[in-house]
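Asker: Need a 3D model of the following:
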Amino acid sequence: MTFYDAFRHFADSYGLALIFTLYLVLCGWAFLPGSHKRNHSAANSIFEDQDHGE
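Answerer: Residues are numbered from 1 along each chain as shown. Sure, this is the predicted structure:
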């Protein structure tokens, strides 16, 4: 078994499971208790210091 075959087997099985788990953790991070204030602040930060065209 060559290095390529071993790496390909890892990527097709354990690597896929690792990436999927990381995806779920990062998506769930936004719904942690206490993160509402940070999420709201980040979403509205582009509107700070605007003079509304005046």
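Asker: And the pLDDT for the closest residue to residue 29 other than its chain neighbours?
Answerer: Leaving aside its sequence neighbours, residue 29 sits nearest to residue 35 (C-beta to C-beta, 6 or more residues apart in numbering; 7.4 Å). For every residue, glycine as well, the C-beta is placed using N, CA and C. Looking at residue 35, its pLDDT is 89.
Asker: so what's the backbone phi/psi at residue 35?
Answerer: Phi and psi for residue 35, reported as degrees, to the nearest 10, are phi -90, psi 0.
Asker: Could you measure from it over to residue 15?
Answerer: Relative to residue 15, residue 35 is positioned 29 Å away (C-beta to C-beta, to the nearest Å).
Asker: Correct me if wrong: the residue nearest to residue 29 contacts residue 42.
Answerer: No. Applying C-beta atoms under 8 Å, one finds residue 35 not in contact with residue 42, separated by 9.9 Å.
Asker: Overlap in contacts, these two.
Answerer: Overlap of the contact sets of residue 35 and residue 42 (by C-beta atoms under 8 Å, 6 or more residues apart in numbering) is empty.
Asker: count of residues packed around residue 46?
Answerer: 8 (other C-beta atoms under 10 Å).
Asker: swap in residue 18?
Answerer: 12.
Asker: can you check residue 15 too?
Answerer: By other C-beta under 10 Å, neighbour count at residue 15 equals 13.
Asker: How about residue 13?
Answerer: There are 10 residues near residue 13, going by other C-beta under 10 Å.
Asker: Show the contacting residues for residue 27.
Answerer: So residue 27 contacts nothing (C-beta under 8 Å, 6+ apart).
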